[in-house]
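Enquirer: model the following, please.
(2 chains)
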Amino acid sequence: MSDDTLTIAGAPANGFLRRLDPSMVLWIVMIALLIFLVASPTVRLLISSFQEAETGRLTLENYRDAYFNWRHLAALGNSLELGVGVAILAGLFGVPIAWAISRTDMPLKGFVRIMVLGAFITPPYLGAIGWILLAGPNSGWLNKLWVALTGQAHGIFNVYSMPGLILVVAVTSFPYVFVFTNSALDLVSSEMEDAAQVLGAGKLRTVFRITLPLVFPAILGGLIISFLEAIALFGAPALIGLPARFNVVATQLWQFFEYPVRVEMAAAFAIPLLVITVLMFWLQRRILGRKGYAAVTGKGGERRMIALGAWRWVMLGYALFVCALSVMLPMTVLLQAAFAKAWGRGFSLDNLTLANFHYLLFEQTQAQSTIINTFVYAGATAFLAIALSLAIAYVVSRKLVPWSNVLAFLCVAPFVIPGIVLAIGFYAAYAPPPLALYGTGTILVLAFTTRFLPIAYTSSAASMRSINPEMEDAVRILGGGRLLAIRRVLAPLLKKSLAGAWILVFIPAARELSAAIFLVGPNSRVISVMLFDLSEEGNFEVLAALGTILLVVTLIIAAVGFRIIGRDFMLRRSTS
Amino acid sequence: MTKLALRGVERRFGETLAVAGLDLDVRPGEFVSLLGPSGCGKTTTLRMIAGFIDPTAGSIVMDGRVLSSPSGSLPPERREMSMIFQSYAIWPNMTVAQNVAFGLELRKLPFDEVRRRVGEMLDVVHMSHLAERYPAELSGGQQQRVALARAIVIKPAVLLLDEPLSNLDANLREEMRFEIKRLHDEFRITTVYVTHDQAEAMVTSDRIAVMNHGRIEQVDDPHTLYTRPKTRFVAGFIGRSNFLDGTCNGAEIAFDAFAVARGAIVNGGALSGKVTFSVRPQSMRLKRAATPHAADRPQVEVKIVERAYLGEFWDYVVVPVAGRTRLRVTSPPLEVYQKGETAWLALDPEQMTPIV
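Expert: Numbers count the residues shown, from 1 in each chain, chains lettered A, B, ... in the order given. Next up, the predicted model:
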């Protein structure tokens, strides 16, 4: 070996001092993109709500028009009723199942978990369509069953009602309560319960006096998320509320977008949704962050399952009942319709057909492009969201710019912006010239990216933390720049968790309806929007087939996620 | 001649002063350790030399060229140094050979040359047989060897080591100390080594800089550092010591219950007023009886108040019969005294070092 120090290729022997890293350009571009995606639409939304449509002058008129109107106020009331009803019902569904799975010897836990995951993956509007087939007045399966069993002239279920809507939304949003409660219960040590039992408390008393109060903040956190999901939802309320002749905020906002489009009024009417969401998240943070519940720490101690005896069958019965309401029943009738010539003719061989799929995949050209659009947009969204959030997570963790915490905040801020509100913000900011993005695929991808940025950022920041910065320092001291370190070391090491994050973004992006419905154009239609249009035509067989395609692709992607990052990856409490 | 120089290097993090005006010259081929307790600023200093942190004042100069100053710094990738990290930072996505080859590839060496040098280097660290393994399949000691190979193979201008042995178990740590020493003897790369373990520093270093509260207290070779500590901190951090307060009084320095002639102490003539001395437990002897005619070796009658047998030696705590100062003294295993017994303690004035 030679004795001389090996010099780095291209490095001037007497280089001048330089602080500026060539990679800095990339960070600045990423930060600009972040501002473009998050800050600008939100600010535009706020500004438009105070602007006159024609002149752009500041005014309070939008607020006056939006709120001094009984129909509009009723929609606001309906949204709150829906949110509270869903939260209560989701609690009744989610908490007992979470407790049974985490703390008891209930049989068939694996199956129940998979069903809960199924409910999590099912888009609420597909659940709603399943329930229309189940509990539509007269023709719904449950009503027909009722008539057949009792001999009465009319069925008793009517999904086109507020209770119907609450049920439909609750069965798809109870997994939030489940996830929060379950992960908190998993941290409660059996010793907490033992201590109560040593003092003479029975099993039931222990559950209600010790176990559940310990995880109460987590339960409340889950209820708040269910509430917020419910008030921000567009699809299910539109499918069920409009035929039942009642509006919620989301459907009312949609009506502001019918001709003539009144964006400014929509912006004003969207503000309470934003305010409620921000307040509720603040509340949830406070509750979950309270020190008094420090018992829920990482150190689990010994954990034993409570033997329920014969009651475990009762518990299982309840869990299966919830699973039936949320997944098994709606999915069964949806699949039946997808493969049926006419869904009302029931489960018989001569009613079976593949014609619906054939029609969608090969005959109807618009359907083909819609399906392709959906997965291309979702894929692009996932890539963009991860690239952006990874870059920002990197900048934040290495403190490359001052105020880097503000960047982290911008990345998670869309979490508190309901999809429909975000869409209005995007419409206000980027539909008019100079960008004129309305109706393009680009605006959908950008809006989806913003909407799911918090998911991508939480994953990216977590995986960034899991890697020792010395891995990168080692590259740099040997002569490699930051970008080389990212390419050769960081990216390969993060491959697996980034694939997981990609799936976590892809799945909700593929089914997103509320942000899409406002921004979609004739050439950028996606499955969710087409499903919605088909339901207005009452073409349930084709609709069900399209829904099945969406579900099958989602399931395949989720299964890949299982293989890469483990069984529970979607049910982990990754938010907040 | 100076390879690397730190001139008044200072680093603040917000209000806290992590490194407070450091001056240090490292000669070409020299092995210098930064030794100190955790939080003394040694790792910050090392990372400033590497270029990961910029100093808030002062400058770092290599071969006469300013690398770091508050107005701007050369980034780490352009300093032609290499570094070994506490976590080793072996890239788990590359094989042993790929890890070692990485720095050479960045230097655009021809493929054959890279292979040859990697092979030679792996031979030197006894890792040739594991060249195609992935790091996850290696033990801690083997990963350490890969880290050494990867850092040395590029013939860095300066090699930096950040507590490289702190994650190894005790036996392996001892082995690796000598391994690092051997590699330094073989390649003579200018090296700065950060550690909180004095034994590590004493085995490996040509000179040790003892750091405390962001300052260097003393820089010397290991022997001088041990026998002639300049400050109370250095005397206490490197090995154990007794601190005796003495008062200059004419030709004598008076201590609790005994006195030492000024002339017997190295540079004793320059002292004045109250002076504290560091006296190592090994520099004193316990004896059954006073030795006659030993004017240059002060003797004090002491009582044994505590004792512990540590196998290689006895550890006694004694107090002068006519005084109150507690002194630790070590004795060979066969010199057994009971608690409460009296004995004579002989001091060696040449090994008494005044400290501040």
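Enquirer: strands of the stretch 51-200 of chain B, residue ranges please.
Expert: For the stretch 51-200 of chain B, the strands defined by DSSP state E, counting those that start in this stretch occupy B:57-62, B:65-69, B:72-73, B:82-84, B:159-162, B:191-195.
Enquirer: elements contacting the longest one?
Expert: Strand B:57-62 makes packing contacts with strand B:4-13, strand B:16-26, strand B:65-69 when contacts are defined by 3 or more Cβ pairs under 8 Å, 6 or more residues apart in numbering or on different chains; DSSP states H and E. In this view, the C-beta of every residue, glycine as well, is placed from N, C-alpha and C.
Enquirer: for B:I238, find the nearest of the ones you listed.
Expert: With Cβ to Cβ as the criterion, B:I238 lies closest to strand B:16-26 of these, at 17.7 Å.
Enquirer: average pLDDT across whichever helix or strand comes after that closest one?
Expert: Following strand B:16-26 in sequence order, the next helix or strand is strand B:31-35 (DSSP states H and E). For strand B:31-35, the mean pLDDT works out to 96.
Enquirer: could you do stretch B:277-294 as well?
Expert: What stretch B:277-294 shows for mean pLDDT is 87.
Enquirer: ok so, going back, out of the strands of the stretch 51-200 of chain B, flag the one nearest A:A310.
Expert: strand B:159-162 (62.3 Å).
Enquirer: who does the closest one pair up with?
Expert: Under the criterion DSSP bridges, strand B:159-162 sits next to strand B:82-84 (parallel), strand B:191-195 (parallel) in its sheet.
Enquirer: tabulate those strands (a markdown table), appending mean neighbour count and mean pLDDT.
Expert: Formatted as a markdown table, the strands paired with strand B:159-162 follow (neighbours: other Cβ atoms under 10 Å in any protein chain shown; pLDDT from 0 to 100):
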| stretch | mean neighbour count | mean pLDDT |
| --- | --- | --- |
| strand B:82-84 | 28 | 93 |
| strand B:191-195 | 26 | 95 |
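Enquirer: how about the strands in the stretch 201-350 of chain A?
Expert: Using DSSP E, counting those that start in this stretch, strands in the stretch 201-350 of chain A do not occur.
Enquirer: per-domain residue ranges of chain B.
Expert: B:4-236, B:242-355 (automatic domain parsing).
Enquirer: what does the strand or helix carrying B:T247 rub up against?
Expert: Element membership of B:T247, judged by DSSP H and E, is strand B:242-249. If you take Cβ atoms under 8 Å, 6 or more residues apart in numbering or on different chains as the criterion, strand B:242-249 is touched by B:232, B:235-236, B:253-256, B:259-260, B:262, B:271-281, B:325, B:327-328, B:352, B:355.
Enquirer: those residues, buried ones only, as a ChimeraX selection?
Expert: Restricted to buried positions by 16 or more other Cβ atoms under 10 Å in any protein chain shown, the ChimeraX selection for the contacts of strand B:242-249 reads:
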select /B:235,253,255,260,262,271,275,277,278,279,280,281,325,327,328,352,355
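Enquirer: what is the burial count for the closest residue to A:G140 other than its chain neighbours?
Expert: With sequence-adjacent residues excluded and distances taken as Cβ to Cβ, 6 or more residues apart in numbering or on different chains, A:G140 is closest to A:L134, at 5.3 Å. When neighbours are counted by other Cβ atoms under 10 Å in any protein chain shown, A:L134 registers 22.
Enquirer: tell me how far the helix or strand hosting A:L134 is from the chain's mean position?
Expert: Element membership for A:L134 (DSSP H and E) is helix A:124-135. Centroid displacement of helix A:124-135 relative to its chain, using Cα atoms, centre = their mean, to the nearest Å, is 19 Å.
Enquirer: restricted to helices, list the contacts of strand B:242-249.
Expert: B:R232, B:A235, B:G236 (DSSP state H).
Enquirer: A:A491: which of the residues you listed is nearest?
Expert: Compare each of the ones in helices among the contacts of strand B:242-249 with A:A491 using Cβ to Cβ and the shortest gap goes to B:G236, at 48.2 Å.
Enquirer: per-residue pLDDT of the closest one, please?
Expert: For B:G236, pLDDT reads 91.
Enquirer: same check, this time on the one 5 residues further on
Expert: Reading off the per-residue confidence, B:S241 sits at a pLDDT of 92.
Enquirer: how about A:G10?
Expert: pLDDT, read off for A:G10, is 43.
Enquirer: same deal with A:L20?
Expert: At A:L20, pLDDT is 55.
Enquirer: quick one: mean pLDDT over stretch B:158-177.
Expert: Stretch B:158-177 comes out at a mean pLDDT of 88.
Enquirer: ok, and for it, which residues are buried?
Expert: B:158-165, B:168, B:172-173, B:176-177.
Enquirer: how far does that stretch stretch from one end to the other?
Expert: 19 Å (Cα to Cα, to the nearest Å).
Enquirer: re earlier: Provide the strand pairings for the strand holding B:T247, with the direction of each partner.
Expert: strand B:252-255 (antiparallel), strand B:274-279 (antiparallel).
Enquirer: hey, which helix or strand in the chain has the poorest pLDDT?
Expert: Using chain A here. helix A:190-198 (a mean of 78; mean pLDDT, DSSP states H and E).
Enquirer: meant chain B, my bad for not saying
Expert: strand B:72-73 (a mean of 82).
Enquirer: what does the stretch 401-550 of chain A put close to chain B?
Expert: Contact residues (Cβ under 8 Å from any Cβ of the partner chain) of the stretch 401-550 of chain A with chain B: A:468, A:470-471, A:473-481, A:484, A:488-489, A:492-493.
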